[in-house]
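A.B. asks: generate a structure from the sequence data that follows.
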Amino acid sequence: MQYRKLGTSDLEVSEIALGSWLTFGAGVNPETAKACVTTAFDSGINFFEAAGARGRGAAETLLGGILRDLDRPRDSYVLATKLLFPADEGGPLSGDFVGQQVDASLQRLGTDYVDLYQCQPYGDDMPIGEIMQALTRVVESGKVRYIGFSGWRPDQIRTAMETGGVVRFVSSQLEYSLLRRDIETEVLRLCDGYGISQIAWSPLAQGVLTGKYRPGDEPPPDSRAASTAMNGHMADYMRPEVLASIERLKGIARHEDVPLPVLSLAWVLRSPAVASAIIGASKPEQVQQDASASGVALSHRTLEMIEAALAGYDPY
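C.D. replies: Next up is the predicted model:
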(Lines give C-alpha, C1' and ligand atoms only; values in the text may rest on other atoms or scores of the structure.)
Protein backbone atom coordinates (compact mmCIF):
# COMPACT_ATOMS: atom_id res chain seq x y z
CA MET A 1 0.00 0.00 0.00
CA GLN A 2 1.20 3.48 -0.86
CA TYR A 3 0.17 6.66 0.92
CA ARG A 4 -0.44 10.25 -0.12
CA LYS A 5 -0.60 13.53 1.75
CA LEU A 6 -4.13 14.88 2.19
CA GLY A 7 -4.12 18.48 0.98
CA THR A 8 -2.30 20.88 3.27
CA SER A 9 -2.83 18.66 6.33
CA ASP A 10 -0.26 16.41 7.98
CA LEU A 11 -2.42 13.35 7.30
CA GLU A 12 -0.91 10.52 5.25
CA VAL A 13 -3.77 8.46 3.86
CA SER A 14 -3.70 5.14 2.05
CA GLU A 15 -4.40 5.36 -1.67
CA ILE A 16 -7.35 3.03 -1.08
CA ALA A 17 -9.85 3.87 1.69
CA LEU A 18 -12.67 1.71 3.04
CA GLY A 19 -16.06 3.39 3.14
CA SER A 20 -19.41 2.34 4.53
CA TRP A 21 -21.99 3.76 2.11
CA LEU A 22 -24.81 1.26 1.40
CA THR A 23 -22.92 -1.49 3.19
CA PHE A 24 -22.24 -1.04 6.90
CA GLY A 25 -25.46 -1.00 8.85
CA ALA A 26 -27.50 -1.77 5.72
CA GLY A 27 -26.43 -4.32 3.10
CA VAL A 28 -23.65 -6.11 5.03
CA ASN A 29 -23.99 -7.97 8.32
CA PRO A 30 -21.76 -6.96 11.27
CA GLU A 31 -19.57 -10.07 11.11
CA THR A 32 -18.76 -9.52 7.44
CA ALA A 33 -18.21 -5.80 8.01
CA LYS A 34 -15.68 -6.61 10.75
CA ALA A 35 -13.91 -9.06 8.43
CA CYS A 36 -13.71 -6.33 5.78
CA VAL A 37 -12.17 -3.84 8.22
CA THR A 38 -9.70 -6.45 9.46
CA THR A 39 -8.67 -7.25 5.89
CA ALA A 40 -8.32 -3.54 5.18
CA PHE A 41 -5.84 -3.14 8.03
CA ASP A 42 -3.98 -6.25 6.90
CA SER A 43 -3.77 -4.78 3.38
CA GLY A 44 -2.26 -1.51 4.61
CA ILE A 45 -5.42 0.59 4.46
CA ASN A 46 -5.36 3.28 7.17
CA PHE A 47 -8.26 5.46 5.96
CA PHE A 48 -11.85 4.69 7.00
CA GLU A 49 -14.94 6.76 6.25
CA ALA A 50 -18.50 6.89 7.54
CA ALA A 51 -21.31 9.45 7.51
CA GLY A 52 -23.89 10.50 10.06
CA ALA A 53 -26.77 10.15 7.61
CA ARG A 54 -25.99 6.61 6.50
CA GLY A 55 -28.56 4.23 7.92
CA ARG A 56 -29.63 6.95 10.38
CA GLY A 57 -26.25 6.69 12.08
CA ALA A 58 -26.01 2.90 11.83
CA ALA A 59 -22.87 3.03 9.67
CA GLU A 60 -21.03 5.16 12.24
CA THR A 61 -22.19 2.97 15.11
CA LEU A 62 -21.10 -0.23 13.39
CA LEU A 63 -17.75 1.10 12.20
CA GLY A 64 -16.99 2.62 15.59
CA GLY A 65 -17.77 -0.63 17.35
CA ILE A 66 -15.55 -2.61 14.98
CA LEU A 67 -12.63 -0.24 15.46
CA ARG A 68 -12.97 -0.48 19.24
CA ASP A 69 -13.15 -4.29 19.10
CA LEU A 70 -10.00 -4.45 16.98
CA ASP A 71 -8.28 -2.25 19.58
CA ARG A 72 -5.94 -0.55 17.13
CA PRO A 73 -4.05 2.52 18.41
CA ARG A 74 -6.17 5.55 17.56
CA ASP A 75 -3.27 7.29 15.86
CA SER A 76 -2.66 4.30 13.57
CA TYR A 77 -5.60 5.10 11.28
CA VAL A 78 -7.39 8.10 9.80
CA LEU A 79 -11.09 8.30 10.60
CA ALA A 80 -13.42 10.49 8.57
CA THR A 81 -17.13 11.14 8.72
CA LYS A 82 -19.56 13.46 7.06
CA LEU A 83 -22.16 16.07 7.96
CA LEU A 84 -25.28 16.03 5.81
CA PHE A 85 -27.85 18.85 5.77
CA PRO A 86 -30.61 18.53 6.67
CA ALA A 87 -30.26 15.66 9.11
CA ASP A 88 -33.25 13.60 10.19
CA GLU A 89 -33.28 15.46 13.49
CA GLY A 90 -34.55 18.52 11.65
CA GLY A 91 -34.19 22.04 12.96
CA PRO A 92 -32.76 25.14 11.30
CA LEU A 93 -29.34 25.17 9.71
CA SER A 94 -27.02 26.96 12.12
CA GLY A 95 -23.65 26.89 13.79
CA ASP A 96 -25.21 25.14 16.77
CA PHE A 97 -26.54 22.47 14.43
CA VAL A 98 -23.02 21.74 13.17
CA GLY A 99 -21.76 21.33 16.73
CA GLN A 100 -24.67 19.04 17.61
CA GLN A 101 -23.99 16.80 14.63
CA VAL A 102 -20.28 16.53 15.43
CA ASP A 103 -21.11 15.45 18.98
CA ALA A 104 -23.65 12.91 17.73
CA SER A 105 -21.12 11.41 15.29
CA LEU A 106 -18.42 11.17 17.96
CA GLN A 107 -20.82 9.39 20.28
CA ARG A 108 -21.82 6.87 17.61
CA LEU A 109 -18.21 6.30 16.57
CA GLY A 110 -17.10 6.01 20.18
CA THR A 111 -14.14 8.33 19.79
CA ASP A 112 -12.98 11.68 21.13
CA TYR A 113 -12.17 13.10 17.70
CA VAL A 114 -12.30 12.48 13.96
CA ASP A 115 -9.37 13.24 11.71
CA LEU A 116 -11.51 14.58 8.87
CA TYR A 117 -15.01 16.06 9.05
CA GLN A 118 -16.64 16.60 5.68
CA CYS A 119 -19.56 18.90 5.01
CA GLN A 120 -22.09 18.20 2.29
CA PRO A 121 -24.00 21.05 0.60
CA TYR A 122 -27.33 22.50 1.64
CA GLY A 123 -29.08 24.26 -1.23
CA ASP A 124 -28.30 27.49 -3.01
CA ASP A 125 -28.69 29.64 0.09
CA MET A 126 -26.25 27.73 2.27
CA PRO A 127 -24.88 30.20 4.90
CA ILE A 128 -21.25 29.45 4.17
CA GLY A 129 -19.78 32.01 6.56
CA GLU A 130 -21.72 30.63 9.51
CA ILE A 131 -20.86 27.06 8.56
CA MET A 132 -17.15 27.87 8.31
CA GLN A 133 -17.20 29.57 11.71
CA ALA A 134 -18.92 26.56 13.25
CA LEU A 135 -16.44 24.17 11.64
CA THR A 136 -13.61 26.32 12.98
CA ARG A 137 -15.02 26.02 16.50
CA VAL A 138 -15.14 22.21 16.37
CA VAL A 139 -11.54 22.12 15.11
CA GLU A 140 -10.43 24.45 17.89
CA SER A 141 -12.26 22.28 20.42
CA GLY A 142 -10.16 19.27 19.40
CA LYS A 143 -13.16 17.24 18.24
CA VAL A 144 -12.09 17.51 14.59
CA ARG A 145 -8.55 17.71 13.22
CA TYR A 146 -9.23 18.80 9.63
CA ILE A 147 -12.24 19.65 7.50
CA GLY A 148 -13.30 18.83 3.97
CA PHE A 149 -16.36 19.22 1.77
CA SER A 150 -18.33 16.97 -0.51
CA GLY A 151 -20.22 18.06 -3.60
CA TRP A 152 -19.84 21.83 -3.25
CA ARG A 153 -20.08 24.05 -6.31
CA PRO A 154 -17.09 26.13 -7.44
CA ASP A 155 -18.64 29.39 -6.20
CA GLN A 156 -19.29 27.85 -2.78
CA ILE A 157 -15.70 26.59 -2.60
CA ARG A 158 -14.34 30.03 -3.44
CA THR A 159 -16.52 31.73 -0.84
CA ALA A 160 -15.42 29.29 1.86
CA MET A 161 -11.73 29.52 1.02
CA GLU A 162 -11.82 33.32 0.90
CA THR A 163 -13.61 33.71 4.24
CA GLY A 164 -11.26 35.28 6.76
CA GLY A 165 -10.47 34.00 10.23
CA VAL A 166 -11.61 30.41 9.69
CA VAL A 167 -9.95 27.03 9.17
CA ARG A 168 -9.32 25.90 5.61
CA PHE A 169 -10.59 22.86 3.78
CA VAL A 170 -7.98 20.20 2.98
CA SER A 171 -10.10 17.79 0.93
CA SER A 172 -12.90 17.57 -1.59
CA GLN A 173 -14.97 14.42 -2.00
CA LEU A 174 -16.72 13.86 -5.32
CA GLU A 175 -17.81 10.91 -7.40
CA TYR A 176 -14.99 10.05 -9.78
CA SER A 177 -14.51 6.99 -11.95
CA LEU A 178 -13.97 5.89 -15.53
CA LEU A 179 -17.71 6.39 -15.95
CA ARG A 180 -18.01 9.71 -14.11
CA ARG A 181 -15.52 12.47 -14.80
CA ASP A 182 -17.21 15.82 -14.30
CA ILE A 183 -14.71 16.87 -11.60
CA GLU A 184 -12.02 17.04 -14.27
CA THR A 185 -13.24 20.48 -15.28
CA GLU A 186 -13.50 23.50 -12.99
CA VAL A 187 -13.59 21.81 -9.57
CA LEU A 188 -10.32 19.95 -10.03
CA ARG A 189 -8.44 23.04 -11.19
CA LEU A 190 -9.94 25.20 -8.45
CA CYS A 191 -9.06 22.75 -5.69
CA ASP A 192 -5.54 22.32 -7.02
CA GLY A 193 -5.02 26.06 -6.70
CA TYR A 194 -6.06 25.97 -3.05
CA GLY A 195 -3.99 22.87 -2.19
CA ILE A 196 -7.12 20.76 -1.69
CA SER A 197 -6.85 17.00 -2.37
CA GLN A 198 -9.58 14.94 -3.98
CA ILE A 199 -11.10 11.90 -2.32
CA ALA A 200 -12.87 9.84 -4.98
CA TRP A 201 -16.09 8.14 -3.97
CA SER A 202 -17.67 5.36 -6.01
CA PRO A 203 -14.47 4.83 -8.06
CA LEU A 204 -15.97 1.53 -9.25
CA ALA A 205 -19.28 3.15 -10.26
CA GLN A 206 -21.45 1.36 -7.70
CA GLY A 207 -19.64 -1.88 -8.48
CA VAL A 208 -20.41 -1.82 -12.20
CA LEU A 209 -16.68 -1.52 -12.95
CA THR A 210 -16.07 -4.86 -11.28
CA GLY A 211 -17.31 -6.42 -14.53
CA LYS A 212 -19.85 -8.65 -12.82
CA TYR A 213 -22.78 -7.35 -14.89
CA ARG A 214 -23.15 -8.42 -18.52
CA PRO A 215 -25.40 -6.92 -21.23
CA GLY A 216 -28.68 -8.81 -21.44
CA ASP A 217 -28.12 -10.87 -18.27
CA GLU A 218 -29.86 -10.57 -14.93
CA PRO A 219 -27.62 -9.29 -12.11
CA PRO A 220 -26.03 -12.03 -10.00
CA PRO A 221 -28.29 -12.73 -7.00
CA ASP A 222 -25.60 -11.79 -4.47
CA SER A 223 -24.68 -8.51 -6.21
CA ARG A 224 -25.43 -4.91 -5.30
CA ALA A 225 -27.66 -4.47 -8.35
CA ALA A 226 -29.87 -7.33 -7.14
CA SER A 227 -30.21 -5.86 -3.63
CA THR A 228 -33.09 -3.47 -2.98
CA ALA A 229 -31.10 -2.14 -0.01
CA MET A 230 -28.13 -1.12 -2.16
CA ASN A 231 -29.16 -0.66 -5.81
CA GLY A 232 -30.95 2.68 -5.62
CA HIS A 233 -28.23 4.62 -7.49
CA MET A 234 -27.33 2.14 -10.21
CA ALA A 235 -29.89 2.60 -12.98
CA ASP A 236 -27.76 4.87 -15.19
CA TYR A 237 -24.82 2.49 -15.01
CA MET A 238 -26.85 -0.59 -15.91
CA ARG A 239 -27.81 0.62 -19.38
CA PRO A 240 -26.88 -1.85 -22.18
CA GLU A 241 -24.50 0.61 -23.88
CA VAL A 242 -22.64 1.17 -20.61
CA LEU A 243 -22.27 -2.55 -19.96
CA ALA A 244 -21.06 -3.00 -23.55
CA SER A 245 -18.30 -0.45 -22.89
CA ILE A 246 -17.29 -2.36 -19.79
CA GLU A 247 -16.99 -5.54 -21.83
CA ARG A 248 -14.35 -3.73 -23.90
CA LEU A 249 -12.57 -2.63 -20.73
CA LYS A 250 -12.37 -6.26 -19.63
CA GLY A 251 -10.19 -7.00 -22.64
CA ILE A 252 -7.79 -4.24 -21.61
CA ALA A 253 -7.65 -5.57 -18.06
CA ARG A 254 -6.80 -9.03 -19.38
CA HIS A 255 -4.07 -7.49 -21.54
CA GLU A 256 -2.63 -5.81 -18.43
CA ASP A 257 -3.04 -9.04 -16.43
CA VAL A 258 -5.02 -7.34 -13.67
CA PRO A 259 -8.67 -7.64 -12.58
CA LEU A 260 -10.97 -4.96 -14.00
CA PRO A 261 -11.53 -3.34 -10.55
CA VAL A 262 -7.77 -2.93 -10.15
CA LEU A 263 -7.49 -1.36 -13.61
CA SER A 264 -10.37 1.00 -12.80
CA LEU A 265 -8.93 2.06 -9.45
CA ALA A 266 -5.46 2.51 -10.91
CA TRP A 267 -6.99 4.82 -13.52
CA VAL A 268 -8.50 7.00 -10.76
CA LEU A 269 -5.23 7.02 -8.84
CA ARG A 270 -3.25 8.01 -11.94
CA SER A 271 -4.14 11.60 -11.04
CA PRO A 272 -1.84 13.23 -8.46
CA ALA A 273 -4.82 15.38 -7.43
CA VAL A 274 -6.51 12.29 -5.94
CA ALA A 275 -5.27 11.41 -2.47
CA SER A 276 -7.43 8.34 -2.01
CA ALA A 277 -10.21 6.32 -3.63
CA ILE A 278 -12.98 5.07 -1.34
CA ILE A 279 -14.12 1.51 -1.96
CA GLY A 280 -17.15 -0.27 -0.58
CA ALA A 281 -17.10 -3.99 0.06
CA SER A 282 -19.50 -6.77 0.95
CA LYS A 283 -16.72 -9.38 1.17
CA PRO A 284 -13.19 -9.21 2.60
CA GLU A 285 -11.84 -10.69 -0.65
CA GLN A 286 -13.00 -7.54 -2.45
CA VAL A 287 -11.03 -5.37 -0.03
CA GLN A 288 -7.87 -7.39 -0.59
CA GLN A 289 -8.20 -7.24 -4.37
CA ASP A 290 -9.01 -3.53 -4.50
CA ALA A 291 -6.13 -2.68 -2.18
CA SER A 292 -3.75 -4.23 -4.71
CA ALA A 293 -4.49 -1.33 -7.10
CA SER A 294 -2.26 0.92 -5.00
CA GLY A 295 0.99 1.52 -6.84
CA VAL A 296 -0.22 0.11 -10.18
CA ALA A 297 1.01 2.39 -12.97
CA LEU A 298 -0.83 2.45 -16.30
CA SER A 299 1.17 3.14 -19.44
CA HIS A 300 0.29 5.89 -21.87
CA ARG A 301 -0.74 3.22 -24.38
CA THR A 302 -3.05 1.58 -21.84
CA LEU A 303 -4.68 4.92 -21.06
CA GLU A 304 -5.26 5.45 -24.79
CA MET A 305 -6.86 2.02 -25.06
CA ILE A 306 -9.17 2.84 -22.16
CA GLU A 307 -10.29 6.06 -23.83
CA ALA A 308 -10.97 4.22 -27.06
CA ALA A 309 -13.05 1.59 -25.22
CA LEU A 310 -15.21 4.32 -23.72
CA ALA A 311 -15.53 6.44 -26.88
CA GLY A 312 -19.02 7.87 -27.16
CA TYR A 313 -19.96 6.99 -23.57
CA ASP A 314 -22.37 9.52 -22.04
CA PRO A 315 -22.69 9.26 -18.23
CA TYR A 316 -25.84 11.36 -18.21
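
A.B. asks: look up the pLDDT of the residue minimising distance to the centre of the chain for me, please.
C.D. replies: Of all residues in the chain, the one closest to the mean position by Cα atoms, centre = their mean is W201, 3.2 Å from it. The per-residue pLDDT reported for W201 equals 92.

A.B. asks: which residue ranges of the stretch 1-150 of the chain form strands?
C.D. replies: 3-5, 12-14, 16-18, 47-49, 78-83, 114-119, 144-150 (DSSP state E, counting those that start in this stretch).

A.B. asks: nearest to A35, of those strands?
C.D. replies: Closest approach to A35 among those (Cβ to Cβ): strand 16-18, 11.7 Å. Bear in mind the C-beta positions are built from the backbone N, C-alpha and C, glycine included.

A.B. asks: for that closest one, what is the average pLDDT?
C.D. replies: Mean predicted lDDT for strand 16-18 stands at 97.

A.B. asks: from now on call the first residue 13
C.D. replies: OK, 13 is where the count begins now, so the last one is strand 28-30.

A.B. asks: so which elements touch that strand?
C.D. replies: helix 42-54, strand 59-61, strand 286-291, helix 296-303 (3 or more Cβ pairs under 8 Å, 6 or more residues apart in numbering; DSSP states H and E).

A.B. asks: roughly how far is the shortest one from the heart of the chain?
C.D. replies: For strand 59-61, the distance between its averaged C-alpha position and the chain's averaged C-alpha position is 8 Å (Cα atoms, centre = their mean, to the nearest Å).

A.B. asks: next one: the last one
C.D. replies: Taking Cα atoms, centre = their mean, one finds the center of helix 296-303 at 16 Å from the center of the full chain.

A.B. asks: that one versus strand 286-291: what angle between them?
C.D. replies: 160 degrees (axes from the mean of the first three to the mean of the last three Cα atoms, to 10 degrees).

A.B. asks: low-confidence stretches in the protein?
C.D. replies: Where the chain drops to pLDDT under 70, the residues are 33-39, 64-68, 96-106, 135-136, 227-247, 250, 325-328.

A.B. asks: show me the helices in it, by range?
C.D. replies: Taking DSSP state H as the criterion, the chain carries its helices at 42-54, 70-82, 107-121, 140-152, 166-173, 198-206, 252-268, 272-281, 296-303, 312-321.

A.B. asks: go through these and name the closest to L18.
C.D. replies: Once the helices of the chain are compared by Cβ to Cβ, helix 198-206 is nearest, at 12.1 Å.

A.B. asks: go through that closest one and flag the buried ones.
C.D. replies: 199-200, 202-203, 206 (16 or more other Cβ atoms under 10 Å).

A.B. asks: which neighbouring elements make contact with it?
C.D. replies: Packed next to helix 198-206, using 3+ Cβ pairs under 8 Å, 6+ apart, are helix 166-173, strand 181-187, strand 209-213.

A.B. asks: give me that answer again for 6 Å
C.D. replies: Applying 3 or more Cβ pairs under 6 Å, 6 or more residues apart in numbering; DSSP states H and E, we find helix 198-206 packed against helix 166-173.
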